[in-house]
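*Asks:* Quick one: sequence and predicted model below, then my questions.
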Amino acid sequence: MLDPRLIRTNPELVREKLSRRKEDVDLDNFLELDAQRRTYIGEVEKLKNRRNVVSQQIARFKKEKKDVDDIIKEMKQVSDTIKEYDDKIRDLEQQLNDILLSIPNIPHDSVPEGDSEEQNVEVRRWGQPKEFTFTPKAHWDIGEEHNILDFGTAGKVTGSRFAFFRGLGARLERALISFMLDVHTTQHGYVEVLPPFMVHRRSMIGTGQLPKFEEDAFKIEGTEYFLIPTAEVPVTNMHREEILDGSKLPLKYVAYSGCFRSEAGAAGRDTRGLIRQHQFDKVELVKFVKPETSYDELEKLVADAEKILRLLGLPYRVVLMCTADLGFTAAKKYDLEVWMPSYNRYVEISSCSNFEDFQARRADIKYRMGAKDKPEFVHTLNGSGLAVGRTLAAVLENYQQEDGSVVIPEKLVPYMGGIERISK
RNA sequence: GGAGAGAUGUCCGAGUGGUUUAAGGAGCUGGUCUUGAAAACCAGUGACACCGCAAGGUGCCGGGGGUUCGAAUCCCUCUCUCUCCGCCA
């Protein structure tokens, strides 16, 4: 959510900044309703003041046994008008809020302008894609060969875009989760959280998944609960409607969760394998920071996520998203893309964003330095550290051997109970 | 799922329709006293949000709605917490 005051006082600036997203945003309606709202508030507050004053007068007069019928009759009138204006204001505020919730975040000035993913900018690469002496297999073939991934049975039991992990596949998934959590808690200072996998509507609005993208989410029938599409939602909303102690910032959390995405519109892409599933595991990093540090914190967040790929020895690159590929809520976003041999290209495995105060406004998360200071909105950030299913896919593909076996990355061996290789 | 109890300012806690539209205490800030501190005493201080250039005003006693000239107080509804029962990993 943008600052309504900024829109009111400097609509041209907002318009110009938003135009970099190549999206048409109508601010005129907002400005019009906003002006109306303030007019009504001015009127109704005058009346309320009169009501308060006269109410006390009535009490006094009654005590003195004076006649108050006329005043009460008049006050009835005033009261009705107040109700009328309050209704009007409520209605206007509802409309204004709906508009505010549907306006995307303003891109940071350092974000390149673009109208498609073509204009995303590669920032750096790490590692060399391995030269295979044979034709590398796709991870779903490797997985089925070793009977560690089973998509067919998942189709029978649930439907398409679900998977069974079994045997060493299940163990590898679990090993990756533990490994990532351990690195982020012990080396990067994050506090581990295991959140609810369902949240109510207000939380989904708080982080920006709703109201615009309801068709992407799974909703539990007969309840107001949504399956979380990412741990970002419950973890960011942990501090909703709170005023945090500024001296305790930044707050850093790492959370494992299952993630559930319907992505109704995305059918047809990446239909095979683990890349695009309705349910997947993710280890998510979330930070609450002071505004002046948020861009430094974003760089650190990216580095923390990169660390996992480095420790696993998976080649990757970092890409800065252009304005068209930012998503609704981010002011700036980097993607980490891991090398996937069967795709013969880099594939997104993490997305790290600074939302500035966009989510903080929606979820009402503030901080205060001293007891006398005014509370201010925090900046929130998050990033995958990493998407676990895709990491498993990347491990299978990058570590496959000519004989069909898969070598377990050194750092994962302790988490695999000493197993160094998956083979038949 | 059933029954009951509760939700008040930073904290504790009073307050069942109007004589301060949040008492009293703690805390916090300043002062007196003291070599210093504590204690005591005196004074001040009540989150937060909105409107306004400002003065000031308005809202806020878990959320929302209603009754009334007037609601923390009465009514409806929702949420959460606690206790007991049922069910259950």
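*Replies:* Sure, I can see it.

*Asks:* So which bits of the stretch 301-424 of chain A are right by RNA strand B?
*Replies:* The stretch 301-424 of chain A comes close to RNA strand B at residues A:366, A:368, A:371, A:374, A:375, as judged by C-beta under 7 Å from any atom of the strand. C-betas here are computed from N, CA, C, even on glycine.

*Asks:* Please convert those to JSON lines, extending it with neighbour count and secondary structure.
*Replies:* Shown next, in JSON lines, are those (neighbours: other C-beta atoms under 10 Å; DSSP: H, G, I helix; E, B strand; the rest coil):
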{"residue": "A:366", "neighbour count": "18", "secondary structure": "strand"}
{"residue": "A:368", "neighbour count": "15", "secondary structure": "strand"}
{"residue": "A:371", "neighbour count": "5", "secondary structure": "coil"}
{"residue": "A:374", "neighbour count": "8", "secondary structure": "coil"}
{"residue": "A:375", "neighbour count": "15", "secondary structure": "coil"}
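
*Asks:* can you list those residues in TSV and add distance to residue A:390?
*Replies:* Below are these laid out as TSV (distance: C-beta to C-beta, whole Å):
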residue	distance to residue A:390
A:366	35
A:368	39
A:371	46
A:374	43
A:375	39
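
*Asks:* Per-residue pLDDT of residue A:90, please?
*Replies:* Here the pLDDT value assigned to residue A:90 is 88.

*Asks:* Check residue A:364 too.
*Replies:* 89.

*Asks:* Now do the contacts for it.
*Replies:* By C-beta atoms under 8 Å, 6 or more residues apart in numbering, the residues touching residue A:364 are A:240, A:241, A:242.

*Asks:* between these, which is closest to residue A:219?
*Replies:* Here the nearest of the contacts of residue A:364 to residue A:219, counting by C-beta to C-beta, is residue A:240; it sits at 19.9 Å.

*Asks:* Show me which pair in the residues of the stretch 301-424 of chain A next to RNA strand B is furthest apart.
*Replies:* A:366 and A:371 (14.1 Å).

*Asks:* Can you report phi and psi for the residue of the stretch 101-250 of chain A found nearest RNA strand B?
*Replies:* Relative to RNA strand B, the nearest point of the stretch 101-250 of chain A is residue A:243 (6.6 Å; C-beta to the nearest atom of the strand). Residue A:243 adopts backbone torsions of phi -110, psi 110, taken as degrees, to the nearest 10.

*Asks:* Next: residue A:252.
*Replies:* Backbone torsions for residue A:252, taken as degrees, to the nearest 10, come to phi -130, psi 130.

*Asks:* Same question for residue A:67.
*Replies:* Torsion angles, degrees, to the nearest 10, at residue A:67: phi -80, psi 130.

*Asks:* Around the closest residue to it other than its chain neighbours, count how many other residues there are.
*Replies:* Nearest non-adjacent residue to residue A:67, counting by C-beta to C-beta, 6 or more residues apart in numbering: residue A:61, 7.8 Å away. Neighbours of residue A:61 under the rule other C-beta atoms under 10 Å: 14.

*Asks:* How about residue A:103?
*Replies:* Neighbourhood size, residue A:103 [other C-beta under 10 Å]: 19.

*Asks:* so what's it up against?
*Replies:* Counting by C-beta under 8 Å, 6+ apart, residue A:103 has contacts A:1, A:2, A:18, A:25.

*Asks:* Looking at these, spot the one nearest RNA strand B.
*Replies:* Proximity of these to RNA strand B (C-beta to the nearest atom of the strand) peaks at residue A:1, which lies at 11.8 Å.

*Asks:* On the three-state scheme, the residue in chain A sticking out farthest from the centre is what?
*Replies:* Distance from the centre of chain A peaks at residue A:65, with 63.5 Å (C-alpha atoms, centre = their mean). Following DSSP: H, G, I helix; E, B strand; the rest coil, residue A:65 is assigned to coil.

*Asks:* which of the residues of the stretch 301-424 of chain A next to RNA strand B has the weakest pLDDT?
*Replies:* For these, the pLDDT minimum is residue A:371, 65.
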